[in-house]
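Enquirer: sharing a model that was predicted from the sequence below.
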Amino acid sequence: MSKEKENLEQNKNEDAMKLLLSRLKRDLHRIAQGGGKKKIEKQHARGKMTVRERVKALIDPDSYFCEIGAFAGEGMYEEYGGCPAGGVVTGIGIVKGRQCMIVANDATVKAGAWFPITAKKNLRAQEIAMENRLPLIYLVDSAGVFLPMQDQIFADKEHFGRMFRNNAQISAMGIPQIAAIMGSCVAGGAYLPIMSDEALIVEGNGSIFLAGPYLVKAAIGEDVDKQTLGGADTHCDISGVTDYKMPDDATCLATIRDLVDKIGSFDKAGFDRIEAVGPKRPAEDFYKVFPEKGAKPYEMLDLLDCLVDADSLQEYKKDYGKSIICAYARIDGWAVGIVANQRKIIKNGKGEMQFGGVIYSDSADKSARFIMNCNQKKIPLVFLHDVSGFMVGSRSEHGGIIKDGAKMVSAVSNSVVPKFSIVVGNSYGAGNYAMCGKAYDPRLIVAWPTAKIAVMGGAQAAKVLLQIQVSSKKAKGEEVSEEEQTALLKEITDRYEKATTPQYAAARLWVDAIIDPVETRKIISTGIQAANNAPATKAFNPGVIQT
C-alpha cells in the first residue's frame, strides 16, 4: 500500500472512531444527569448533594474514578421512564490514597429505588470488592425496591437479598465496609448499612427503618413522623443502630475519608511492577489503526504498540499459532501476559492461508500453554478480543479443533491470576468464551465503541434466521417473494445488529464500561493495582490442558 493510500485509510479510521466517541460522550453526559435538572434542583433545595457531587467530594482531588456500569439500564424500563445508570453510581475511587469500591444511590432516579439492573450492578460492585479486597463505601439514599417490578428483584438467588449475604461475607473476609445514610433507607434495604462495619447518618435528611410512617400507621395504627421513627437522633442517641451523627453531606463525606485514612495495610499479591515507560506509539494512534467499522484486516501488533510500555513486548511461540498473539509485556510498569486475536490474514507454519480473527487449533493450543505459564509465573492476563470464533469445516474438525478449543477454555476457566478483557472489535460465539468473556470472571471487562458481542456476526445470523422463517412459511403453504425475503432480511438484520452493540451489552452489564480506547492502559493499570490487594488463595490446576 502506498504511503498516500495508507494515510487516507488512517484518516478514515480516525474519523469513524471519533464519531463513535462523540456519541459515547454525549450519552455519558446525559446519563450523568440522572433524573434530570428538576430532580437535581429539588435535591439541592433539601441541602443534599447529588450522587456524583458526593462521589467527587469523597475521592481524592483530581484522582481517577474508574466508573463501573454507567450504561446499566440504558434503553431498558422505558415504560417506567427509564433508569439512568441503574439508579446507582459504582466504581473504584481513590480515598486518602487507597483504592475503594464506592456504591452510591442516585435519589434523582425514582427516589433511588432498586430496579432489577440496580441489584445486578450492586452485586457486581461487591464482587469486584471481594475479588480485589477493596474497602467498600456505601452512600445510601434509596426508597427501596421498585414495587412494580418486585417479582424480578426480590426472591431469586441473584436478587436483592444477595447483597446482604455479601455484606456478611465481606466483613467475614476482613474487608472494611463503611455506610453513610444520607437520605432514605427503608425496609430490607435498612440491613445494608447496618450490616456494614460502621454507619454514619446525616441529620434531617437521613432516615432508616424497616417500615415507614405510612406502613406503621396501616399496620399498628401509630402516628409517627419520619425523623422520630428513624432519624439521626433516634439511631445515634436511643437505639444505637448508627455510629456517627453528621450535620450535613460534606461533613459526612469528610468523616468517611478520615475513617478510611486509619485503615491498616493488607498483604499484597506481589505482581511485578517497575517504573513505567510510555508506549512506542501515542494512544491516539488507536484511532488510526483500528479499521472503520472493523471491516478490514489490520495488524494487532500495531494496537499493542499503542498500549504496552515501549520495547517490553516479547512474543511467545511467535511463528506458531499465528492467529493469536501471546506475549509478555508491561503496561504502566506492570508485568502482563497478553492474549490477542491477530486480525490480519496470515500464513501458518505449513504455508496455508488463515483468516484473521479466527482461532485455529494451533493458536488455541499455544494460548492454553501460555496461560499456564502466566499462572506459574504469577503474571496477570490481558485479553484483547477481535474474534469471529473457532475455525469450522471438515479439516478443522478432523484436526481436533474441539479438543484444542477445550484446552484453551479450560486454561481460562482454571486460571487463578487476575484476568482483564478488552473487547476492541468482534467477540463472537465460543471465541468470546476462549478469550475470557464475562462468564469467565475477568476482574474487569470493558468494550471500545467498536465492540460487537454476539453468538455470531449479524450477516451470518440474519441469513440463518431468514432461512428458518422462510422454510416455516413454505411449510404452511405460503409463498415468499424475493422482495419479501429482502425486506424480512433487513428487519432481522437490524434487530440482530442492535443486540450486538456495546451499548446493548453495557446496559445489561455484560461489560463493565464502554471506554475511549486511549483509556485502555489506565483501566488495565487500575485493575491490576486493585488485584494486587488480593493474594491468590488457590493454586492453578490446568485440568484438560495436559491431555
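Expert: Now that the structure is in, tell me what you want to look at.

Enquirer: show me where this structure dips below the pLDDT cut-off.
Expert: Counting by pLDDT under 70, the chain has low-confidence residues at 1, 188, 398, 543-547.

Enquirer: farthest out from the centre of it, which residue is that? Tell me.
Expert: Gly477 (47.7 Å; CA atoms, centre = their mean).

Enquirer: which SS class is that one?
Expert: coil (DSSP: H, G, I helix; E, B strand; the rest coil).

Enquirer: show me what secondary structure element comes after the strand or helix carrying Glu491.
Expert: Assigned by DSSP states H and E, Glu491 falls within helix 482-498. From helix 482-498 onward toward the C-terminus, using DSSP H and E, the following helix or strand is helix 502-507.

Enquirer: check which element follows that following helix along the chain.
Expert: Note on helix 502-507: by DSSP H and E, the next helix or strand toward the C-terminus is strand 513-514.

Enquirer: which residues touch the helix or strand just after that following strand?
Expert: Downstream of strand 513-514, the next assigned helix or strand under DSSP H and E is helix 520-531. Residues outside helix 520-531 that contact it (CB atoms under 8 Å, 6 or more residues apart in numbering): 64, 66, 92, 99, 128, 131-132, 134, 269, 271, 279, 283, 286, 307, 331-334, 336, 380, 382, 418, 420, 422, 443-444, 446, 448, 513, 515. In short, each C-beta sits where N, CA and C put it, glycine included.

Enquirer: quick one: helix 520-531 to chain centroid distance?
Expert: Here helix 520-531 is found 13 Å from its chain centre; the criterion is CA atoms, centre = their mean, to the nearest Å.

Enquirer: ok, the residue farthest from the centre of the chain to Glu483 distance?
Expert: Distance, Gly477 to Glu483, by CB to CB, to the nearest Å: 19 Å.

Enquirer: what strand or helix carries the closest residue to Ala125 other than its chain neighbours?
Expert: Take Ala125 and drop its neighbours on the chain: the residue closest to it by CB to CB, 6 or more residues apart in numbering is Thr90, 4.1 Å away. Here Thr90, judged by DSSP H and E, is contained in strand 88-95.

Enquirer: how far off centre is the helix or strand that comes right after that strand?
Expert: The first helix or strand that comes after strand 88-95 along the chain, using DSSP H and E, is strand 98-105. Mean-position distance between strand 98-105 and its chain equals 15 Å (CA atoms, centre = their mean).

Enquirer: what residues of strand 98-105 count as buried?
Expert: For strand 98-105, a neighbour-count test (16 or more other CB atoms under 10 Å) marks Arg98, Gln99, Cys100, Met101, Ile102, Val103, Ala104, Asn105 as buried.

Enquirer: hmm, Ser142 and the last one touching each other?
Expert: Yes: Asn105 is within contact range of Ser142, at 4.3 Å (criterion: CB atoms under 8 Å).

Enquirer: which residues are common contacts for these two?
Expert: What both Asn105 and Ser142 touch, as defined by CB under 8 Å, 6+ apart, is the set Gly87, Gly112, Gly183.

Enquirer: can you tell me what sits against the strand holding Thr90?
Expert: Identification of contacts with strand 88-95 by CB under 8 Å, 6+ apart yields 51-52, 55, 58-60, 63-69, 72, 99-106, 112, 118, 121-122, 124-125, 128, 134-135, 137, 256-257, 260, 526, 530.

Enquirer: which ones among those residues lie within helices?
Expert: 51-52, 55, 58, 118, 121-122, 124-125, 128, 256-257, 260, 526, 530 (DSSP state H).

Enquirer: thinking again about what came up before, could you pull out the buried residues of the helix holding Glu491?
Expert: Within helix 482-498, the residues scored as buried using 16+ other CB under 10 Å are Leu488, Leu489, Ile492, Thr493, Tyr496, Glu497.

Enquirer: among the contacts of strand 88-95, name the buried ones.
Expert: Buried members of these, counted by 16+ other CB under 10 Å: 51-52, 55, 58-59, 64-69, 72, 99-106, 112, 118, 121-122, 124-125, 128, 134-135, 137, 256, 260, 526, 530.

Enquirer: the helix holding Glu491: how far from the chain's middle?
Expert: That offset, for helix 482-498, works out to 31 Å (CA atoms, centre = their mean).

Enquirer: residues contacting that helix, please?
Expert: Contacts of helix 482-498 (CB under 8 Å, 6+ apart): Ala454, Gly458, Ala459, Ala461, Ala462, Lys463, Leu465, Leu466, Gln469, Val470, Val480, Tyr504.

Enquirer: as TSV, the residues you listed with secondary structure would be great.
Expert: Shown next, in TSV, are the contacts of helix 482-498 (three-state DSSP):
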residue	secondary structure
Ala454	strand
Gly458	helix
Ala459	helix
Ala461	helix
Ala462	helix
Lys463	helix
Leu465	helix
Leu466	helix
Gln469	helix
Val470	helix
Val480	coil
Tyr504	helix
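
Enquirer: closest one of these to His159?
Expert: Nearest to His159 out of the contacts of helix 482-498 is Tyr504 (CB to CB; 22.5 Å).

Enquirer: count the neighbours of that closest one for me.
Expert: Other residues near Tyr504 come to 19 when the count uses other CB atoms under 10 Å.

Enquirer: list the contacts for Val417?
Expert: Gly337, Cys374, Asn375, Lys378, Ile379, Pro380, Leu381, Ala536, Phe540.

Enquirer: can you rerun that using 10 Å?
Expert: 269, 271, 336-337, 371, 374-381, 443, 531, 536, 540 (CB atoms under 10 Å, 6 or more residues apart in numbering).

Enquirer: among those residues, name the ones in strands.
Expert: The strands, defined by DSSP state E, take in Val336, Gly337, Leu381 from these.

Enquirer: the last one reaches Ile331, doesn't it?
Expert: The reference is to Leu381. No: the criterion here is CB atoms under 10 Å, and Leu381 misses it with Ile331 at 11.5 Å.
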